[in-house]
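*Asks:* Would you be able to build a 3D model of this:
(one chain, ligands or ions: 2)
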Amino acid sequence: MSGPLIVLVGPMGVGKSTVGELLADRLGTAYRDTDADVVATAGKAISEIFFDDGEERFRALERQAVRDAVEQHTGVLALGGGAVLDDETRALLAGRPVVYLSMDVDEAVRRVGLNTARPLLAVNPRRQWRELMDARRPLYEEVAAVTVATDERAPEEVAQAIVEALELPERTGGPVPSDQEKSRMTEQGTTRIQIAGTAGTDPYEVLVGRQLLGELPNLIGDRAKRVAVLHPEALAETGEAVREDLASQGYEAIAIQLPNAEEAKTVEVAAYCWKALGQTGFTRTDVIVGIGGGATTDVAGFVAASWLRGVRWIAVPTTVLGMVDAAVGGKTGINTAEGKNLVGAFHPPTGVLCDLAALDSLPVNDYVSGMAEIIKAGFIADPVILDLVESDPQGARTPAGPHTAELIERSIRVKAEVVSSDLKESGLREILNYGHTLAHAIEKNERYKWRHGAAVSVGMVFAAELGRLAGRLDDATADRHRAVLESVGLPLTYRGDQWPKLLENMKVDKKSRGDLLRFIVLDGIGKPTVLEGPDPAILLSAYGEVSA
Ligand SMILES: NC(=O)c1ccc[n+]([C@@H]2O[C@H](COP(=O)([O-])OP(=O)(O)OC[C@H]3O[C@@H](n4cnc5c(N)ncnc54)[C@H](O)[C@@H]3O)[C@@H](O)[C@H]2O)c1
Ligand SMILES: O=C(O)C(=O)C[C@@H](O)[C@H](O)[C@H](O)COP(=O)(O)O
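*Replies:* Ligands and ions are numbered 1, 2, ... in the order given. The predicted model follows:
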């Protein structure tokens, strides 16, 4: 029977992808993952399929993915944790070299714990794990030719045990990972990016990896008695799970639910949080944890900056945009009727935990919105980002893409370098505002119903046209803006009749000085500069280029 050399089954978090990639490398063959196939077919994250279409639809897609893979793939194949629940899928596995990777409940809680991106395990992880394992163990055992325990074993040891159990021949010459494989390997470990302390603030680290919530108590520390977990409505279960976990570790933990997205960035929501903190007796040694996208971390940071004139806070960004931008750098704030982010403070967090697994549940439009800030980092500082996006624009739209971790880490490094030398935006930091002058004006005009990244995309095309018309930016680089932004599905245009309103909105941009409008433009890739008081005719012409 042709087909996969090895099929890995087992619960979520057991290490199927890590071990599978190691095995593929050792055996000189390819690795394939049916979860990734399902995401690619459906064009959305697994949690979205569960939410929008139901588990039955997901299992049908998964069954087809398994059928295709067992017919076409000859390397190492990993199946989703629940694939064995489906009778037909189990039948497809009969007689194949299926390896069941097992782990006990304690190990599962330790490895996956509160990993909220796993839609089935948001709350009470230990009890839910036990029930899930009890239900699925017999099914894994039914399809498996071999069972390999993973408890207290490194992925390399598990891979070795599988090679021995199946008596597989290894390729000679040792593992030689390709660049693509290397970038995936980065994703498996935790990357730490340092942000220097400036302007009297403490240094801190941005951690990028998986299963990072276990770091929270270390960051919160012993001096805190109370912790407030601020989360959006969309992450209600996550917020509660984190609160419960912190409570079980002895903190007096409260969860404060905020509205989703931009609706959270209001003074009314901030006041609601202040009230909750006051009623809890929150003191200067207590800590706020903001879990969510940029809107949530902006508010959480602002509440932390303003409560008692400043308490510590930790950012746990759960969107691409939050990870690469909003949660890093200490800009916190809310909107007012007059404009975007007009009230706020520079108040850096104590630490930032970017758990890449959280991105699995992010709706695709929110994922793509974050790509705008990644592409911004490419244009202002790191052209490799642009190359990576252009090499696989479809992959750049999903967390399963080959460059996800590298794109996120590179963008964070760009931001880290800037904010480490200019926290309070006395100069250099303004480059991070590339595309934002028009973007914020559009967001206000749309009553904050447009996604931030979508507005930044149009704003960058506008800034590129402005640079071109001002004689600073070459045609090829200006055109590259349109091409790369469009390739990932970001918008390039906005309503042509809105220019007078947008111009009015831009006057309150934080880069303005008196009546002087100031824009970040490029002299070339990686060469941002300030364009002060451009001729109104140039501004209008540049807008003409983005008008729909
Ligand atoms: N402070 C800064 O330096 C900075 C930088 C860039 C952007 N921002 C701000 O960030 C905001 C945009 O942030 P954003 O793009 O993250 O959007 P967002 O915070 O509005 O989140 C988008 C949506 O996704 C939901 N969500 C978040 N994480 C999820 C997950 N893992 N799974 C499912 N749903 C999830 C949210 O509840 C929300 O409905 C804007 O207000 C922008 O001004 C701030
Ligand atoms: O961190 C910065 O500085 C930025 O400008 C990053 C921007 O991407 C971000 O949208 C920021 O919130 C905009 O700040 P603002 O000062 O223009 O409100």
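*Asks:* In contact with the residue most central in space within the chain, which residues?
*Replies:* Closest to where the C-alpha atoms of the chain average out (C-alpha atoms, centre = their mean) is residue 320, at 3.2 Å. Residues in contact with residue 320, defined by C-beta atoms under 8 Å, 6 or more residues apart in numbering, are 359, 362, 366-367, 369-371, 373-374, 408. C-betas here are computed from N, CA, C, even on glycine.
*Asks:* among the residues you listed, which are in reach of ligand 1?
*Replies:* Contacts with ligand 1 are made by 362, 366, 369-370 out of the contacts of residue 320, judged by C-beta under 6 Å from any ligand atom.
*Asks:* Closest to residue 129 out of those residues?
*Replies:* residue 362 (23.8 Å; C-beta to C-beta).
*Asks:* Quick check: the closest one touching residue 318?
*Replies:* Yes. Residue 362 lies in contact with residue 318 (C-beta atoms under 8 Å); the separation is 7.2 Å.
*Asks:* For ligand 2, what's its nearest residue on the stretch 151-300 of the chain.
*Replies:* Closest residue of the stretch 151-300 of the chain to ligand 2, C-beta to the nearest ligand atom: residue 298 (7.1 Å).
*Asks:* Contact partners for residue 299?
*Replies:* Residue 299 neighbours (C-beta under 8 Å, 6+ apart): 230, 258, 264-265, 269-270, 273, 290, 332, 334.
*Asks:* so it is in which element?
*Replies:* If you go by DSSP states H and E, residue 299 is part of helix 294-306.
*Asks:* what are the pairing partners of the helix or strand following that helix, and which direction each?
*Replies:* Toward the C-terminus, helix 294-306 is succeeded by strand 312-317 as the next helix or strand (DSSP H and E). If you go by DSSP bridges, strand 312-317 pairs up with strand 287-292 (parallel), strand 351-355 (parallel).
*Asks:* which residues of the stretch 101-250 of the chain fall in strands?
*Replies:* Counting by DSSP state E, counting those that start in this stretch, residue ranges of the strands within the stretch 101-250 of the chain are 146-149, 191-195, 204-209, 226-232.
*Asks:* Give the residue spans of the stretch 51-200 of the chain that score low on pLDDT.
*Replies:* 109-128, 170-188 (pLDDT under 70).
*Asks:* Can you name the residues of the protein sitting close to ligand 2?
*Replies:* 325, 329, 331, 341, 373, 425, 429, 432-433, 436, 510.
*Asks:* Now with 5 Å, please.
*Replies:* Residues of the chain lying near ligand 2 by C-beta under 5 Å from any ligand atom: 325, 329, 331, 341, 429, 432-433, 510.
*Asks:* Pull up the gap between the residue of the stretch 351-500 of the chain found nearest ligand 2 and residue 416, please.
*Replies:* As assessed by C-beta to the nearest ligand atom, ligand 2 sits closest to residue 432 within the stretch 351-500 of the chain, at 3.6 Å. Going from residue 432 to residue 416 by C-beta to C-beta, to the nearest Å gives 11 Å.
*Asks:* The two: which is more packed in?
*Replies:* residue 432 (24 against 20; other C-beta atoms under 10 Å).
*Asks:* and the more buried one, which of the three is it?
*Replies:* Three-state call for residue 432 (DSSP: H, G, I helix; E, B strand; the rest coil): helix.
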